[in-house]
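> Can you look at this prediction? I've put the sequence above it.
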Amino acid sequence: MNTVINQVAPTLDIVKTKASELLAERLRIDVIEVDMNKKLTSYGLDSIDAVTMIGDLEDWLDIELPSTLLWDYDTINDVAQFIVENFESLVD
Amino acid sequence: MSLNQRIQHQAAHKLEHALGDPNNPDSIMSYKRVMELDEQESFQEEFYQYLLSLKTHHHYVPAALGGKFETYEQLYALGKVLARRDLSTAVTMSTMIWSTLVWVGGDKILKQHCADVTLSNNGAQCLAYSEEHHGSDLLANELTATEVEDGFILEGEKWPINRAARSEVVMLLARTANESGGRNLSLFFVEKSKIDCSTFTYISKVKTHGLRGCDICGIKFNKTHIPKSALIGPIGGGLEIAIKAFQVTRTLCASLSIGALENNLRVVMGFATQRRLYKGNVFDIPNARHHLTNAFTDLLITDALGSSLSRALHVIPKQFSVLSAVAKCFAPYKLDQAQKDLATVLGARFFFREKHKEGIFQKSLRDSQVVSLFDGSSEINLYSLTTQLSLLARRQDKLFAITAETTSSKLSNIFDASTQLPTFRGEKLDLSSHGRDLIMESWPQIIAALKHASGTLHNADKILFLAEMVFNKHQQNLQRIANHVEQKSDMQSPRMFKIAREYCVVHAAVCSIQYWLNNTQNSDVFINKADWLIVGLQRLLLELNIDIEISEQHLTQVSNELLHRSQAALSYGLVPLELPELSLIPAEEIA
Ligand SMILES: Cc1cc2nc3c(=O)[nH]c(=O)nc-3n(C[C@H](O)[C@H](O)[C@H](O)COP(=O)(O)OP(=O)(O)OC[C@H]3O[C@@H](n4cnc5c(N)ncnc54)[C@H](O)[C@@H]3O)c2cc1C
């Protein structure tokens, strides 16, 4: 897994792409099937997948995300937006 | 100052002596009276009122808000004393712990109000999460709180709820939204004396196998109006606050299992040393002594885990999504088994509801079995661990690969019981530890410390040998988890549940070794000589399917101490407290 160096805020597109890949990987579906505006719960993402996906994003960006992120932001678009907008405060 | 004189044990010691010798029928909580109430399935009102007169409930309210609560270590020690006497009373008293929901999620005004209500003699609380048709599936709950202009309207029922009828405050989890997801539920501080009593009824008490006198019933709301000020935290914050409060209460559950075993071990030791057979006594029979010694060892190991984790709540609260699950899975699982082994030693008297100590053994055994069920069952906690294993493994794998030694002042603050704990900060609790478990991460530090201590600390080389085996097994398990993740296998498979269970066992080993390493200045000779730790680690290795033989001499040292503590009326935990019992005089024939 490649880590973002120097803690520079990633672009929205990069985060959306990565989050889609991670979701596809969790759900074992093709990444092109991921709709960035669809509710994550409607994919049947369970709590283990959610915890692991947050962990993957944390590892990738070397940040700490709120544990309730996927309760409060429930589409890939919203999650990515939250990360980009709050990046500085999320750096551990 | 020796540990038993330290502040964390003072309230427990005082309470022990206020309750008197349970063998004496004139004591307030004598075995006789406890059994009478159990037989009648009567609520323990007289015990509860006595505890209120001792201001026991003040220990659940932070000192800053007018109560006596300072540390969870203190509350853990008190929990052991109450559970030793009567788990029904302990479970009744400890519903006060649900004030934690307000300390964690409430605003300043509600916190002070909750403190005032809890401190009054009329402020008993109950926790109302469960619904008959949904059990552990809290997100499926149906009881609704509909927002109106001047508050909320409640509709629906909760069952089974301990103290639903005998409480002033209902800590209620209710649905406030219809979408799926974690923001559907909200928490409310419902004061019964302030709502229209014609709008709620009770569902009658359910017959139980244990806790027979407890008020386990239900409550049904019918268009009940509650004020806006009853809301704890934000709308939609219910599940988050509920899970965080569980992180505290699940950790403290270990004290209930230990207290119940403390009682039953003493009861069976009384029998084993006084029952004359074959020109000796039952304690002289090697296999009976073996069961008793093992139970004592398991109690010590669980106490190391329970007391350390109750301290850790103050030091690393952010990691309690993992640590509370470990405490909740390990303590009842380990000690329920010890109780069953003790039952075999008690023989026929195990089956009687009278005679030896009024038949208290059976009752204590029955009652203690509930600990693995409530507050989220052991299975739910194992499930919760399985959700976190991949992150934990990922981090620990990295750390152990570079054999990074965690030299953290936090670790010594957790394990050195003579160090002062920081104030508990509930706002730091987190639904995920983000892969962190400082205690488990301390393995390289433990191995280094044991190597260093070899030659200076008694038995350090033997402990190192056993510790390395546990650590190897743990590393194998981390590898298994990594493979499982790699192959995208089901993290909820029975195999992962087994690994989660083993994670708890390894944790108990870490806590026990760390406790021993960090308290040599404060402990007595028995704890320092570490025979208990050698026997304990050998027994934990058995749980990990590794069967190692250890020298008989270690078992002998532990059984000698068990006999000594029983005869000198000292408690069986890591810090022996003087008990109000008359010392055992191995003479009279048992009925
Ligand atoms: C004496 C007593 C007092 C109680 N007091 C209270 C109280 O004061 N307040 C309150 O709110 N509740 C209380 N409860 C309810 C208690 O918390 C429930 O036991 C809990 O809600 C679980 O429900 P259930 O036992 O019906 O099991 P269910 O949730 O219906 O589970 C059935 C089975 O499925 C398993 N299971 C469920 N989910 C999972 C999972 N994710 N992974 C693996 N296995 C799973 C369970 O282990 C069990 O074997 C009390 C219960 C008892 C026995």
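Looks like it came in fine.
> Residue 73: what's it in contact with?
Going with chain A. Residues in contact with residue A:73, defined by Cβ atoms under 8 Å, 6 or more residues apart in numbering or on different chains, are A:79, A:81-82. Bear in mind the C-beta positions are built from the backbone N, C-alpha and C, glycine included.
> nope, chain B
Per Cβ under 8 Å, 6+ apart, neighbours of residue B:73: B:8, B:307, B:310-311, B:417, B:421.
> The helix or strand bottoming out on mean pLDDT in chain A vs chain B: in contact?
When the helices and strands of chain A are compared on mean pLDDT, DSSP states H and E, helix A:47-61 comes out lowest with a mean of 82. Yes: for helix A:47-61, a contact with chain B is found by Cβ under 8 Å from any Cβ of the partner chain, at A:47-48, A:51-52, A:54-55, A:58-59.
> what's the distance between that helix and the middle of its chain?
Chain-centre distance of helix A:47-61: 7 Å, with Cα atoms, centre = their mean, to the nearest Å.
> Let me know the average pLDDT across stretch B:582-591.
Stretch B:582-591 carries an average pLDDT of 49.
> my bad, should have said stretch A:9-17
For stretch A:9-17, the per-residue pLDDT averages 89.
> Kindly report the same for stretch B:254-265.
Stretch B:254-265 comes out with an average pLDDT of 96.
> what about it, near the ligand?
No: counting by Cβ under 6 Å from any ligand atom, the ligand has no neighbours in stretch B:254-265; the shortest distance is 12.0 Å.
> And the helix or strand following the least confident helix or strand of chain A, what does it pack against?
Later in the chain than helix A:47-61, the nearest helix or strand by DSSP states H and E is helix A:69-72. Of the remaining helices and strands, those touching helix A:69-72 by 3 or more Cβ pairs under 8 Å, 6 or more residues apart in numbering or on different chains; DSSP states H and E are helix A:47-61, helix A:76-85.
> ok, and for the first one, which residues are buried?
Yep, that's helix A:47-61 we're talking about. Neighbour counts over helix A:47-61 (16 or more other Cβ atoms under 10 Å in any protein chain shown) mark A:48-61 as buried.
> do the same with stretch B:512-520
Buried-residue list, stretch B:512-520, by 16+ other Cβ under 10 Å: B:512-519.
> Give the rounded mean pLDDT of it.
For stretch B:512-520, the mean pLDDT works out to 96.
> re earlier: tell me the one of the contacts of residue B:73 nearest the ligand?
residue B:310 (21.3 Å; Cβ to the nearest ligand atom).
> Any idea how many residues pack against that closest one?
26 (other Cβ atoms under 10 Å in any protein chain shown).
> rewinding a little: just the residues contacting the least confident helix or strand of chain A, thanks.
A:1-4, A:10, A:15, A:18-19, A:22-23, A:26-27, A:40, A:45, A:63-65, A:67, A:69-70, A:83, A:87, A:90, B:386-388, B:390-391, B:394, B:432, B:434-435, B:485, B:491-492.
> Show me which residues of stretch B:287-295 are buried.
Result for stretch B:287-295 [16+ other Cβ under 10 Å]: buried residues B:288-289, B:291-295.
> Return the alpha-carbon coordinates of that stretch using PDB.
The C-alpha trace of stretch B:287-295 is given here as PDB (Å, rounded to 0.1, in the frame of the first residue of the first chain):
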ATOM      1  CA  ASN B 287      -6.900 -34.000  42.600                       C
ATOM      2  CA  ALA B 288      -9.200 -31.900  44.900                       C
ATOM      3  CA  ARG B 289      -6.200 -29.800  45.900                       C
ATOM      4  CA  HIS B 290      -5.400 -29.400  42.200                       C
ATOM      5  CA  HIS B 291      -8.800 -28.000  41.400                       C
ATOM      6  CA  LEU B 292      -8.700 -25.600  44.300                       C
ATOM      7  CA  THR B 293      -5.200 -24.400  43.400                       C
ATOM      8  CA  ASN B 294      -6.100 -23.900  39.800                       C
ATOM      9  CA  ALA B 295      -9.200 -21.900  40.800                       C
END
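> What are the contacting residues of it?
With Cβ under 8 Å, 6+ apart as the test, stretch B:287-295 has contacts from B:261, B:265, B:268-269, B:272, B:282-283, B:338-339, B:341-342, B:344-345, B:535, B:539, B:555, B:558-559, B:562.
> Chain B: strands as residue ranges?
In chain B, strands defined by DSSP state E lie at B:125-128, B:144-148, B:151-162, B:169-175, B:185-191, B:200-203, B:216-226, B:231-232, B:276-277, B:280-281, listed in chain order.
> Of these, which shows the lowest average pLDDT?
Among the strands of chain B, strand B:276-277 carries the lowest mean pLDDT (a mean of 80).
> Enumerate the residues of the stretch 51-200 of chain B near the ligand.
B:126-130, B:135-136, B:160-162.
> so how far is residue B:399 from residue B:15?
Applying Cβ to Cβ, to the nearest Å, one obtains 42 Å for the distance of residue B:15 from residue B:399.
> whoops, I mixed them up, residue A:14
Distance from residue A:14 to residue B:399, by Cβ to Cβ: 28 Å.
> Check residue B:84 too.
Taken as Cβ to Cβ, the span from residue B:84 to residue B:399 is 39 Å.
> Looking at the two, which is more packed in?
Between residue B:84 and residue B:399, counted using other Cβ under 10 Å, residue B:84 has the larger neighbour count: 28 against 16.
> Do I have it right that the more buried one meets residue B:265?
No: when contacts are counted by Cβ atoms under 8 Å, residue B:84 is not listed as touching residue B:265 (9.9 Å).
> of all of chain B, which residue lies closest to the ligand?
The nearest approach of chain B to the ligand comes at residue B:135, 2.5 Å away (Cβ to the nearest ligand atom).
> Neighbours of that residue, how many?
Residue B:135: 11 neighbours (other Cβ under 10 Å).
> For residue B:160, grab the count of nearby residues.
Neighbour count of residue B:160, defined by other Cβ under 10 Å: 16.
> got the contact list for it?
Residue B:160 is in contact with B:130, B:132, B:206, B:216-218, counting by Cβ under 8 Å, 6+ apart.
> how near is it to residue B:352?
29 Å.
> Which helix or strand in chain B has the lowest average pLDDT?
Least-confident helix or strand in chain B using mean pLDDT, DSSP H and E: strand B:276-277, a mean of 80.
> before we move on, back to that, kindly reformat the contacts of residue A:73 as a markdown table containing pLDDT and neighbour count.
A markdown table is the format used below for the contacts of residue A:73 (pLDDT from 0 to 100; neighbours: other Cβ atoms under 10 Å in any protein chain shown):
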| residue | pLDDT | neighbour count |
| --- | --- | --- |
| A:79 | 93 | 24 |
| A:81 | 93 | 15 |
| A:82 | 94 | 17 |
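> which of those lies closest to chain B?
Among those, residue A:79 lies closest to chain B (Cβ to the nearest Cβ), at 13.3 Å.
> Quick check: the closest one touching residue A:20?
No: assessed by Cβ under 8 Å, residue A:79 is found out of contact with residue A:20, at 10.3 Å.
> Please list the residues of the stretch 251-400 of chain B that sit near chain A.
Residues of the stretch 251-400 of chain B lying near chain A by Cβ under 8 Å from any Cβ: B:321, B:386-388, B:390-391, B:394.
> Find the residue at the geometric middle of chain A.
In chain A, the C-alpha nearest the mean C-alpha coordinate belongs to residue A:19, at 4.1 Å (Cα atoms, centre = their mean).
> now the angle between helix A:76-85 and the helix or strand hosting that residue, please.
Taking DSSP H and E as the definition, one finds residue A:19 inside helix A:12-27. Computed by axes from the mean of the first three to the mean of the last three Cα atoms, to 10 degrees, the angle separating helix A:12-27 from helix A:76-85 equals 130 degrees.
> which other helices and strands contact helix A:12-27?
helix A:47-61, helix A:76-85.
> The last one: what's the following helix or strand?
Following helix A:76-85 in sequence order, the next helix or strand is helix A:87-90 (DSSP H and E).
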